[in-house]
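In: Next come a sequence and a model predicted from it.
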Amino acid sequence: MKRVGLESSLAIAEAVRLAGVDVVSAYPITPQTHIIERIAQMVADGDLNASYIPVESEHSAMSGCLGAAAMGVRTFTATAGQGLELMHEVLPVASAMRLPVVMAICNRALSSPLSIWGDHSDIMAARDSGWVQMFAENGQQAFDLTLCAFRIAEDVEVLLPTAINIDGFHLSHVIESVLIPEQGEVDKFLPELPRPYVLDPRKPLTMGDFATPELYIEAKKSQDVALRNSKKVILQAWQEFEGVFGRRYSPVETYRADGASVLLLTMGSFSEVAMEAIDRLRESGEKVGLIRLRLWRPFPFEEFRQVASQADLLVVLDRAVSFGGPGPVCSEVQAALYPLSKKPQVAGFIGGLGGRDITTEGFEDMIRNARKKADAGRLGEVEIIGVRE
Amino acid sequence: METLALYVPRLLEKKENFAPGHRACSGCGEALAVRMVMKALGKNVIVVMATGCMEIISTQLPYTSWEVPWIHTLFENTAAVASGVVAGREALTRKGKASSRTKVVAMAGDGATADIGVQALSGALERGHDFTYICFDNEAYMNTGIQRSSATPFGAATTTQPVGKISMGQNTWKKDMPAIAVAHNIPYVATASPSYPFDLMNKVKKARDIEGPAYLHILSVCPTGWRTPSDLSVRIGRLAVETGVFPLYEVENGKYTLNIDPPQLRSVEDYLKLQGRFKHLTPEMIKEIQEKVEAKYAELVEKVLFYDGF
Amino acid sequence: MSKLTEIRWHGRGGQGAVTSAEVMGLSAIEEGKFAQAFPSFGPERRGAPVLAFNRISDSEHIRMRSAVTQPDIVVVLDPGLLGIIDVTRGLKEGGVLIINSSKSLLDIKSEFEGPWTLAVVDATAIAMEVLKIPIVNTAMLGAMVKVTGVVKLESLAEPLGERFGKLAEKNIAACRRAYDEVSIAAQGAVSQRPEKTFGEVTWPSWQELLPGGVVTDAGNARSYRTGDWRSDRPIWDHDRCIKCGVCMLFCPEGCVEQNEQGYFEANYYYCKGCGICARECWTQAITMVEEAKA
Ligand SMILES: Cc1ncc(C[n+]2csc(CCOP(=O)(O)OP(=O)(O)O)c2C)c(N)n1
Ligand code: SF4
């Protein structure tokens, strides 16, 4: 294991190399491009023995991944923002056909106005595509979770495409220190797994058939159960990961949440900024803590409820707008809490859109603001914060 | 020559790799073409298919007509999926787990090829993957009920360019997809018709055995969409060739060959008059079509002669 | 609540069952009634058995939108369907069953008599005489109106006119002839439903589906019968056959096989009766014979 200074994008490329990916099918888009450029260079230099398909669109990028994954080989792509939107039609096909493609998404705002900067609008619009979806908060996690994604996606019990979300620019373009393991350690964690159903003339099979109403719903049920059940394998994979590399991941992670009456919930790189805010508030004696949602799909109901039900007030930051509705993460956690008899009140905020920064002060304000709203009984409305009036 | 094949059917590959029990319309020329293609390809292939008639009629869960590995994902991305399958095959070959002789064959209708999937196809041809792409051209979107495509011929009635008080059906000339394929400088482009089975099967084998991208364009009579009696599908396909409406030719590394060159082209009317989709045509329109067909045919002959000169 | 009449039409893709239902629905609406007309939503192709439905109510908007499972009236456009589909399935007691058949009422009675009114009309013969094509949907409309009275015969005229344009007159004529010629058996004392067993499809459960719905049994469509779609079948005349095999070559189903004597024959389990083999045969050794007469 060695400690190096590496941009998160390149850390992901490094994970792809160490995972010995067989096929990469990708199309450039800011802020993701560094990942695939680096992979292309690795292939050009012979450092990664993969077939790199320089496709003509993201739609084809994901389609190429489907084809390769159907052959049973390890498959990777990366995209962001508009690229994910153009892939939109293909994403649910990957999951429904149980093709374990791994994708890094450098989360980016959606046009229009055109913005190359970060927020979560892209992945939230792809939320229901049936993929395993997780969020990284720093370069190390981007690297680790990429390795884990292959382990999870390709498990015979799972066979589902898996996305690692990293914030565009805020993560993708930041150089920080990352521990890179030796090939041997990676191989130990990530052996080549058997694939039961692949395109092989020696064992012909038909994939991607057509279903009448008599069977479609059965197919969907089976897919949904597979995604829900994947959590078992995810937990196991993260446990194995800890065994080999010493770092631990969980579907719902917390920071100073013990005994907190107010909990803030974040996803992605802003979680670390939020930790700073929590420290400051704790120092001034406030009982506040943080929930970092690592696993977005399958939604970790149990783990989330266990942590969140302790608090009186849950403050949720969404980095995407569901126009005319509540924030997507907020509505999700509210739905998860609703059946509980003891549950916190929920305050939803939307912020950090299109690359707008949120500072520690911003998080402190958000928590204070939430308290005020709760006291005034005004929690029903979402509020977009940091907007110039 | 086709007629020499008269007694050959008994030498035909007996194995049906496209199994009966498929649900194509009675007399479907496209299903016939697929059947012949599958006979020629043999078993060492992987088929990637677009959404469309042939997909719907052959893979209704829990049934499949395919005796070879087969995958369908979407309508417009067949060439891209095929690129991925080729890349996957390469990766497996590197590890000694697959044979580079396994051919990847993409199949799609004219809508999936010339319209919505033309970008993915262009990308895949340009990148030079080792695969064969076959367009089954029935000259409209038949799976969804006879809507126009850019491959619909001039004058044909479709449900989205119907004949009306002020419209005479398709008002554009058929997009020349094989020419677009040729423009990608690929090693092999050919047109074929199931009315000329041995020519078709030879071309399929040629395409299969060539390294690099090959493009086949097969005219596939659709009795439902062309409003023709189901027993005429083969005859109409033959007339398309005999009238010069759909010449059978090959382009090998840029070199043109006419495979069936009738001493004299029949009048296009012989072809048009059998089809309900053309029944509204005026003599002027038929004349216009005749002239266009002759001009295009002459253009083709010129290309053939140009190469013969070498 | 006003009485709701539910109708099921049995036909084949391309034969016009859906048109029958449409014209019926429009005629009812024309009379000031409330009606629905809808097909079985699916990708059935030309020749395949299809269904179409009507709901008719005298006085109320119809809210029911789920499938019609217990029709009051069943109309069978294609006699060939009788042997392959349980056309009386769910038909209500006291309902009406109308069949297109060249057989007489007496002949058909033994098979289709039940706790309903049975009627027969040779709509194919009428259509061939009047329209010169075997499209029976308009004739069957006439027969059905006569037997059931759900709408008046006159009410069909306008929707038929709209629908058939230049051919309206002939279709109305076919309709009228069937109205006049249909033979109706009064509902007898029979309370027994005809006993028929048809192969039921068993669908897999969600647990039985393989991941992604893959099908590993390559070519298992072979167990799917498409021979049901046929209305004419090819018959080979061995005296004329030169054993060239052109028929085998051009069969879209791949269902023409060579027997031990070297002659060719269609596998009727699959043959859809397209007639390409008969058309392409060099020596005209193949004739297409109407299924019912074969
Ligand atoms: C993105 C998308 N748009 C539209 C459709 C609907 N659709 C399915 S098949 C088809 C037409 C197929 O036509 P063609 O490719 O010519 O094949 P054919 O059915 O005629 O063989 C259409 C429009 C679809 N499946 N996906
Ligand atoms: S609509 Fe045309 S192409 Fe499609 S199955 Fe029917 S005959 Fe074949």
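Out: Nice, thanks for sending it over. Note that the structure is a prediction, hence the values are computed from the model and not measured. Ligands and ions are numbered 1, 2, ... in the order given.

In: make it CA atoms for all contacts and neighbour counts henceforth
Out: OK.

In: Residue 84: neighbour count?
Out: All of this refers to chain A. 26 (other C-alpha atoms under 10 Å in any protein chain shown).

In: switch to chain C, that's the one I care about
Out: Residues lying near residue C:84 (other C-alpha under 10 Å) number 15.

In: so who does it touch?
Out: Each residue near residue C:84 by C-alpha atoms under 8 Å, 6 or more residues apart in numbering or on different chains is listed here: C:198, C:228.

In: Look at it and give its secondary structure.
Out: Assigned by DSSP: H, G, I helix; E, B strand; the rest coil, the conformation of residue C:84 is coil.

In: show me where pLDDT drops low in the stretch 1-150 of chain C?
Out: For the stretch 1-150 of chain C, residues meeting the criterion pLDDT under 70 lie at C:1-2.

In: hmm, try it at 90
Out: C:1-3, C:13-16, C:40-49, C:59, C:67, C:79-85, C:106-111, C:113, C:134 (pLDDT under 90).

In: residues in it within reach of chain A, list them.
Out: Residues of the stretch 1-150 of chain C lying close to chain A (C-alpha under 8 Å from any C-alpha of the partner chain) are residue C:42.

In: Let me see the ranges of the strands in the stretch 1-150 of chain C.
Out: Under the criterion DSSP state E, counting those that start in this stretch, strands of the stretch 1-150 of chain C are mapped to C:4-12, C:34-39, C:49-57, C:73-76, C:95-100, C:116-121.

In: So which residues on the stretch 1-150 of chain C come close to chain B?
Out: Residues of the stretch 1-150 of chain C found near chain B (C-alpha under 8 Å from any C-alpha) are C:43-48.

In: at 7 Å what do you get?
Out: Counting by C-alpha under 7 Å from any C-alpha of the partner chain, the stretch 1-150 of chain C comes close to chain B at C:45-47.

In: Give me the buried subset of those residues.
Out: For these, a burial check counting by 16 or more other C-alpha atoms under 10 Å in any protein chain shown picks out C:45-47.

In: What average pLDDT does stretch B:241-260 get?
Out: Stretch B:241-260 comes out with an average pLDDT of 97.

In: buried sites along it?
Out: B:241-252, B:254-260.

In: How many neighbouring residues does whichever residue of the stretch 51-200 of chain A sits closest to ligand 1 have?
Out: Closest contact between the stretch 51-200 of chain A and ligand 1, by C-alpha to the nearest ligand atom, is at residue A:89 (7.8 Å). Here the number of neighbours of residue A:89 (other C-alpha under 10 Å) works out to 16.

In: That one is in what secondary structure piece?
Out: Following DSSP states H and E, one finds residue A:89 outside all helices and strands.

In: Now do residue B:55 against chain A, distance only.
Out: Separation of residue B:55 from chain A (C-alpha to the nearest C-alpha, to the nearest Å): 8 Å.

In: What of residue C:12?
Out: Taking C-alpha to the nearest C-alpha, one finds residue C:12 at 18 Å from chain A.

In: can you pull the buried residues of stretch A:269-288?
Out: By neighbour count with 16+ other C-alpha under 10 Å, stretch A:269-288 contains the buried residues A:269-281, A:287-288.

In: Give me the subset of the buried residues of stretch B:241-260 lying in helices.
Out: B:241-242 (DSSP state H).

In: Name the nearest of the residues of the stretch 1-150 of chain C next to chain B relative to chain A.
Out: Chain A lies nearest to residue C:45 out of the residues of the stretch 1-150 of chain C next to chain B, by C-alpha to the nearest C-alpha, at 14.3 Å.

In: Enumerate every residue touching the closest one.
Out: Counting by C-alpha atoms under 7 Å, 6 or more residues apart in numbering or on different chains, residue C:45 touches B:23-25, C:13.

In: try it again with 6 Å
Out: With contact set as C-alpha atoms under 6 Å, 6 or more residues apart in numbering or on different chains, residue C:45 has these partners: B:25, C:13.

In: Any chance of the backbone angles for it?
Out: With angles defined as degrees, to the nearest 10, residue C:45 sits at phi -100, psi 170.

In: Same check on residue A:240?
Out: The phi/psi pair for residue A:240 (degrees, to the nearest 10) reads phi -60, psi -40.

In: State the distance from it to residue A:248.
Out: In this view, residue A:240 and residue A:248 are 9 Å apart by C-alpha to C-alpha, to the nearest Å.

In: tell me which element residue A:296 falls in.
Out: strand A:295-297.

In: let me redo that: residue B:80
Out: Per DSSP H and E, residue B:80 falls inside helix B:78-94.

In: Does chain A have contacts with that helix?
Out: Yes. Counting by C-alpha under 6 Å from any C-alpha of the partner chain, chain A has neighbours in helix B:78-94: B:80-81, B:83-85, B:87-88, B:91.

In: returning to what we had before: out of the buried residues of stretch A:269-288, what pair is the most spread apart?
Out: Farthest apart among these by C-alpha to C-alpha are A:269 and A:287. That separation is 22.9 Å.

In: near chain C, which residues of chain A?
Out: Neighbours of chain C within chain A, by C-alpha under 6 Å from any C-alpha: A:96-98, A:205-207, A:218, A:222.

In: which one of these is nearest residue C:146?
Out: residue A:218 (44.2 Å).

In: Once you drop chain neighbours, what's closest to the closest one?
Out: Closest residue to residue A:218 apart from its sequence neighbours, by C-alpha to C-alpha, 6 or more residues apart in numbering or on different chains: residue C:206 at 4.4 Å.

In: swap in residue A:343?
Out: Nearest residue to residue A:343, sequence neighbours excluded (C-alpha to C-alpha, 6+ apart): residue A:309, at 4.8 Å.

In: Tell me, how many residues neighbour that neighbour?
Out: Counted with other C-alpha under 10 Å, residue A:309 comes out at 19.

In: Show me which positions of stretch C:208-221 end up buried.
Out: Of the residues in stretch C:208-221, C:209, C:211-221 count as buried by neighbour count, 16+ other C-alpha under 10 Å.

In: quick one: contacts for the residue nearest to residue A:200 when sequence neighbours are not counted?
Out: Nearest residue to residue A:200, sequence neighbours excluded (C-alpha to C-alpha, 6+ apart): residue B:69, at 6.1 Å. Taking C-alpha under 6 Å, 6+ apart as the contact definition, residue B:69 lies against A:199, A:201, A:204-206, B:46.

In: Need the max-distance pair from these.
Out: Of all pairs in the contacts of residue B:69, the most separated under C-alpha to C-alpha is A:201 and A:206 at 11.2 Å.

In: Give me the more crowded residue out of those two.
Out: residue A:206 (29 against 19).
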